[in-house]
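1. got a structure for you, letters missing:
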């Protein structure tokens, strides 16, 4: 089965669409971490049989809570990765945001060779317009150099690059095979030896990104980010926009005046020429609500055990839930298993392997020992 993990803060309606769309396009179960999302949105997650909901806050993360949302997202994704390891039905984990939909051709995933540990979901970004007559159905794909040059000359983008063309990320998202020594980031994957892994690509593995697809979503998204005080969750090129939004939010202005200038900022920075892009054949037409996948259902006892493991993670040490820590988060899993009594099951083998490599089983870490030996040889006369 394929599991998705996300950290979400959104309205109940958007959360409900997010869950339904990902399940319809190939995901079997979702692990959703929420941060002060609101009672209505959390109720949607709590009531859904295909969702394991993990409500978090400053108390849940404990003393080592990072103020950086990106760090918390990576920690949550890697916590889900190790917490799922004891359950044999969980084969793959994909990391998506609350405004994203994983488009998974299940036959492609099922046919991946055993030595493939990660795949890449190429991004399709929603065309942004003030309003849509219904749901968003037109998406931008990554363009080649000739297409980017054409749009630059036409004045639709400032420079011939996909980073100028897309408002959000261009690196896509990743899926990882569970019970392997890999760590998942926002857009990258690393092996236990510290090397980045290139993801398997296929036309049947893509993702939708509904990044500020309307003026209302633009205002909601960027006003939230402006109020957060964080500078780690958007590109440097967007810093002037966030500063302008922050200034507008603190100025003593009538609501209608503030709304007018927020919309003007949208027109200047985000609104797109759908008709021209479609005329040039540069858009993909995708109905996010047309997914036909019927999710498989994990055993109910296992879902209870998974929830217990994640509940037990409140306040635990999250240091190894990163891309680079040698323990790869499996030391956290060991702690959770001891706290809950859940058996390691099929996770036991990878836990032993990683423990030996990291030196957490009482042996010296092999990699560190090798580096020290090499250094001594270089210093020898």
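-> Noted; the coordinates are in hand. As the structure is a computational prediction, the values presented were derived from the model and not from experiment.
2. For beta bridges, what are the partners of residue 177?
-> Residue 177 has the following beta-bridge partners by DSSP bridges: residue 92.
3. Counting neighbours, what do you get for it?
-> 17 (other CB atoms under 10 Å). Glycine gets a C-beta too; all of them are placed from N, C-alpha and C.
4. and the gap between it and residue 3?
-> According to CB to CB, to the nearest Å, residue 177 and residue 3 sit 12 Å apart.
5. tell me, what's touching these two both at once?
-> With contacts taken as CB atoms under 8 Å, 6 or more residues apart in numbering, residue 177 and residue 3 have residue 92 as neighbours in common.
6. All the strands of the stretch 1-150 of the chain, residue numbers only.
-> If DSSP state E, counting those that start in this stretch is used as the criterion, the strands of the stretch 1-150 of the chain fall at 2-8, 29-35, 51-56, 92-95, 100-104, 118-126, 138-140.
7. Direction included, what does the shortest one pair against?
-> Strand 138-140 has these partner strands in its sheet, going by DSSP bridges: strand 118-126 (antiparallel), strand 283-285 (antiparallel).
8. Quick check: end-to-end length of stretch 38-58?
-> Stretch 38-58 stretches 15 Å from its first residue to its last (CA to CA, to the nearest Å).
9. Could you chop this structure up by domain?
-> Residue ranges for each domain of the chain read 1-122+169-210+287-381, 216-269, as given by automatic domain parsing.
10. ranking those by burial, who's on top?
-> Of all the domains of the chain, domain 1-122+169-210+287-381 carries the top mean neighbour count, a mean of 18, counting by mean count of other CB atoms under 10 Å.
11. That one - what's its average pLDDT?
-> Mean pLDDT, domain 1-122+169-210+287-381: 90.
12. Off-centre distance for that domain?
-> 9 Å (CA atoms, centre = their mean, to the nearest Å).
13. Check the spacing between the closest residue to residue 145 other than its chain neighbours and residue 152 real quick.
-> Leaving out its chain neighbours, the residue that sits closest to residue 145 by CB to CB, 6 or more residues apart in numbering is residue 160, at 6.6 Å. Computed as CB to CB, the residue 160 to residue 152 distance reads 5 Å.
14. And for residue 167?
-> For residue 167, the distance to residue 152 (CB to CB) stands at 16 Å.
15. again, but for residue 198
-> Residue 198 is 29 Å from residue 152, by CB to CB.
16. With residue 313 instead?
-> From residue 313 to residue 152 the distance is 48 Å (CB to CB).
17. could you list every residue that touches residue 340?
-> For residue 340, the contact set (CB under 8 Å, 6+ apart) comprises 305, 308, 309, 312.
18. JSON lines for those, including secondary structure?
-> Formatted as JSON lines, the contacts of residue 340 follow (DSSP: H, G, I helix; E, B strand; the rest coil):
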{"residue": "305", "secondary structure": "helix"}
{"residue": "308", "secondary structure": "helix"}
{"residue": "309", "secondary structure": "helix"}
{"residue": "312", "secondary structure": "helix"}
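19. out of those residues, which one sits closest to residue 267?
-> Closest to residue 267 out of these is residue 309 (47.5 Å), distances taken as CB to CB.
20. my guess is the closest one meets residue 342, correct?
-> Yes. Using CB atoms under 8 Å, residue 309 is in contact with residue 342, at 5.8 Å.
21. Residue 218 is in what secondary structure piece?
-> helix 215-228 (DSSP states H and E).
22. Skip ahead from that helix and say which helix or strand is next.
-> Remark: after helix 215-228, the chain's next helix or strand is helix 239-250, criterion DSSP H and E.
23. Run the angle between the next helix or strand after that next one and helix 239-250 for me.
-> Downstream of helix 239-250, the next assigned helix or strand under DSSP H and E is helix 255-269. Relative orientation of helix 255-269 versus helix 239-250 (axes from the mean of the first three to the mean of the last three CA atoms, to 10 degrees): 170 degrees.
24. Need the residues that contact the helix or strand that comes right after helix 255-269.
-> Next in sequence after helix 255-269, counting helices and strands by DSSP H and E, comes helix 274-279. The contact list for helix 274-279 (CB under 8 Å, 6+ apart) reads 127, 129, 138, 140, 154, 156, 283.
25. average pLDDT across helix 274-279?
-> For helix 274-279, the per-residue pLDDT averages 97.
26. buried sites along it?
-> Residues of helix 274-279 classed as buried: residue 277 (neighbour count, 16 or more other CB atoms under 10 Å).
27. coming back round to it: so which of the strands of the stretch 1-150 of the chain gets nearest residue 250?
-> Taking those one by one with CB to CB, strand 29-35 is closest: 23.2 Å.
28. What is the closest one packed up against?
-> strand 2-8, helix 12-24, helix 39-47, strand 51-56, helix 69-83, helix 300-312 (3 or more CB pairs under 8 Å, 6 or more residues apart in numbering; DSSP states H and E).
29. Quick one: residues contacting residue 93.
-> 2, 3, 4, 5, 77, 80, 81, 84, 175, 176, 178, 184.
30. Out of the contacts of helix 274-279, which end up buried?
-> Buried residues within those, counting neighbours by 16+ other CB under 10 Å: 127, 129, 138, 140, 156, 283.
31. Quickly note the distance from the first one to residue 223.
-> By that I understand residue 127. From residue 127 over to residue 223 the distance is 22 Å, taken as CB to CB.
32. The fourth one too?
-> Distance, residue 140 to residue 223, by CB to CB: 24 Å.
33. do the second one as well
-> Relative to residue 223, residue 129 is positioned 19 Å away (CB to CB).
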